[in-house]
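1. could you look at this predicted model? Sequence included:
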Amino acid sequence: MLQISKMKSLLFIPPKHLPFHQNPNFKKPTIFFSQISRHTHSSGPANPLPRPLSAMNGVIDGRDFTIEDRSSTAAAAAAAAPPFGEIHVIVGPMFAGKTTALLRRIQAESVSGRRVAMIKSNKDTRYGLDSVVTHDGVKMPCWALNDLSIFKAKMGPEAYDKIDVIGIDEAQFFKDLYEFCCNAADQDGKTVIVAGLDGDYLRRSFGSVLDIIPLADSVTKLTARCELCGKRAFFTLRKTNETQTELIGGSDVYMPVCRKHYVNGQVVIETTRNVLESGKAHCNSALEAATVV
Ligand SMILES: Nc1ncnc2c1ncn2[C@@H]1O[C@H](COP(=O)(O)OP(=O)(O)O)[C@@H](O)[C@H]1O
Ligand SMILES: Cc1cn([C@H]2C[C@H](O)[C@@H](COP(=O)(O)O)O2)c(=O)[nH]c1=O
Ligand SMILES: [Zn+2]
């Protein structure tokens with residue numbers, strides 16, 4: 001298998017990027033404020049850590065107020081906070097080149113001196129657990145996790161603070177994708193590049209991939225080639241009869257198809273399934289009749 005050239009693991013520790021709450025100059029404001037300027041998402045992080053705002057808004061006795069805190073403490077804290085991050089999402093059917101695009105972007109970040117880490121779901125056992133692997137065999141070492149929430153602890157907080165870019169492959173399998181991406185980009189200043197299926201074999205939203213679209217700086221939908229006519233493929237057809245949403249597999253189970261061949265293919269699969277089931281039912285009733293006699 002081809003392997004992306006061993007990436008230089010650059011230790012990039014920007015001293016000024018110490019999280020504000022670890023900055024010795026930062027002192028908590030003595031007055032309590034209701035940070036009405038920060039809206040919380042229903043499914044987003046509950047009460048995210050307040051960022052050191054140089055201005056705070058509040059309400060006292062029904063009257064709005066804003067206090068400008070020009071003290072050096074607030075300015076130092078604001079300067080010490082990590083920069084805001086980014087979220088980039090890559091979606092499409094299977095074989096569209098999502099993992100290839102993710103690895104290319106991660107490699108480009110690494111070559112430009114940023115420190116990177118790659119995560120994939122440990123549900124994806126097709127090519128082993130220690131690497132992200134494209135359908136062409138291009139590999140990159142990764143952390144294979146069940147949940148994204150344990151990444152910081154697994155990596156160690158100090159090491160986590162030092163990385164700049166986090167790649168996530170097979171994002172459709174992570175239930176905590178939204179919260180992780182939101183926190184990593186909004187609070188920790190990370191650039192998060194996410195690759196995953198937008199739709200499952202029934203063309204329904206898969207996992208939380210579509211939930212992070214409102215959080216994203218960019219969204220890229222890739223296409224494959226329809227296996228039946230060679231036109232652009234936007235969907236993934238499951239060739240087998242299983243009906244559970246999560247079914248790990250490659251070209252043995254799935255094929256990318258255009259709209260026409262998805263619709264035709266689904267009709268063929270459903271008709272076949274019905275014939276098989278009615279045949280089974282017919283056999284069962286014939287068997288029952290035989291056993292009754
Ligand atoms: N029908 C197809 N259309 C496009 N690429 C395909 C097809 N079948 C196999 N491939 C191969 O799959 C590669 C993409 O692999 P990968 O990046 O892992 O895709 P994804 O992560 O989107 O499933 C392509 O470069 C191509 O060589
Ligand atoms: C459509 C579909 C796919 N899966 C699984 C099959 C594969 O293991 C991955 C997708 O891999 P890729 O990197 O995009 O090639 O997801 C599934 O579990 N359910 C589905 O409906
Ligand atoms: Zn087609």
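-> Cool, got the structure. Note that the coordinates shown come from a computational prediction; the quantities given were computed from them, not determined experimentally. Numbering: from 1, shown residues only. Ligands and ions are numbered 1, 2, ... in the order given.

2. determine the number of other residues adjacent to T245.
-> T245 has 12 neighbours, counted by other CB atoms under 10 Å. In short, each C-beta sits where N, CA and C put it, glycine included.

3. could I get the contacting residues of it?
-> T245 is in contact with D200, Y201, L202, R204, F206, counting by CB atoms under 8 Å, 6 or more residues apart in numbering.

4. what would those look like in TSV with secondary structure and neighbour count?
-> Formatted as TSV, the contacts of T245 follow (DSSP: H, G, I helix; E, B strand; the rest coil; neighbours: other CB atoms under 10 Å):
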residue	secondary structure	neighbour count
D200	coil	18
Y201	coil	25
L202	coil	12
R204	coil	10
F206	coil	21
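
5. ok, those vs ligand 3, which is closest?
-> Among these, Y201 lies closest to ligand 3 (CB to the ion), at 16.0 Å.

6. can you tell me the closest non-neighbouring residue to the closest one?
-> R238 (3.8 Å; CB to CB, 6 or more residues apart in numbering).

7. ok so, going back, which one of the contacts of T245 is nearest I166?
-> Comparing those against I166 with CB to CB picks out F206 as the nearest, at 20.4 Å.

8. does that closest one really touch F174, like I thought?
-> No. Applying CB atoms under 8 Å as the test, F206 and F174 come out as separate, 11.1 Å apart.

9. got the contact list for the residue lying closest to Q172 once chain neighbours are set aside?
-> Excluding the flanking residues, the one nearest Q172 by CB to CB, 6+ apart is G207, at 3.7 Å. Neighbour list for G207: A171, Q172, F173, F174, K175, L177, G196, L197 [criterion: CB under 8 Å, 6+ apart].

10. in PyMOL, how would I select the buried members of the residues you listed?
-> PyMOL command restricting the contacts of G207 to the buried ones, with burial defined by 16 or more other CB atoms under 10 Å:
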select buried, resi 171+172+173+174+177+196+197
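
11. what's the farthest-apart pair in the contacts of G207?
-> Checking the contacts of G207 with CB to CB, the most distant pair is K175 and L197, at 14.6 Å.

12. can you count the residues close to the residue lying closest to T223 once chain neighbours are set aside?
-> Among residues not flanking T223 along the chain, R232 sits closest, at 4.3 Å (CB to CB, 6+ apart). Using other CB under 10 Å, R232 has 15 other residues around it.

13. same question for R114.
-> Number of residues near R114 (other CB under 10 Å) recorded here: 15.

14. that one reaches I166, doesn't it?
-> No. The pair formed by R114 and I166 falls short of the contact definition of CB under 8 Å, at 10.7 Å.

15. list the residues that contact both of these two?
-> By CB under 8 Å, 6+ apart, the residues touching both R114 and I166 are T191.

16. and ligand 3, which of the contacts of G207 contact it?
-> Counting by CB under 5 Å from the ion, nothing from the contacts of G207 sits close to ligand 3.

17. looking at the contacts of G207, which is nearest ligand 2?
-> L197 (5.3 Å; CB to the nearest ligand atom).

18. kindly check the end-to-end length of stretch 90-99 for me.
-> 9 Å (CA to CA, to the nearest Å).

19. show me what it is in contact with.
-> 101-102, 132-135, 169, 193-199, 209, 219-225, 233-236, 250-251, 254-256.

20. and it, is it in reach of ligand 2?
-> Yes. Using CB under 6 Å from any ligand atom, we find that stretch 90-99 touches ligand 2 at M94, K98, T99.

21. who wins for neighbours among those?
-> When neighbours are counted by other CB under 10 Å, K98 leads the residues of stretch 90-99 next to ligand 2 with 28 neighbours.

22. how about that residue, nearest residue that isn't a chain neighbour?
-> Spatially, and ignoring its direct neighbours in sequence, K98 is nearest to A195 (4.2 Å; CB to CB, 6+ apart).

23. what's the mean pLDDT across the host helix or strand of N274?
-> Element membership of N274 [criterion: DSSP states H and E] is helix 259-292. Mean pLDDT, computed over helix 259-292, is 82.

24. tell me which other helices or strands that helix touches.
-> Secondary-structure packing of helix 259-292 (3 or more CB pairs under 8 Å, 6 or more residues apart in numbering; DSSP states H and E): strand 235-238.

25. run the chain-centre distance for the helix or strand just after the strand it packs on.
-> Next in sequence after strand 235-238, counting helices and strands by DSSP H and E, comes strand 254-257. Mean-position distance between strand 254-257 and its chain equals 22 Å (CA atoms, centre = their mean, to the nearest Å).

26. got a list of contacts for whatever helix or strand N183 lives in?
-> N183 belongs to helix 177-186 when elements are defined using DSSP H and E. By CB under 8 Å, 6+ apart, the list of residues contacting helix 177-186 from outside reads 41, 43-45, 48, 84-87, 148-149, 151, 166, 168, 171, 174, 190-192, 194, 207-209, 211-212, 215.
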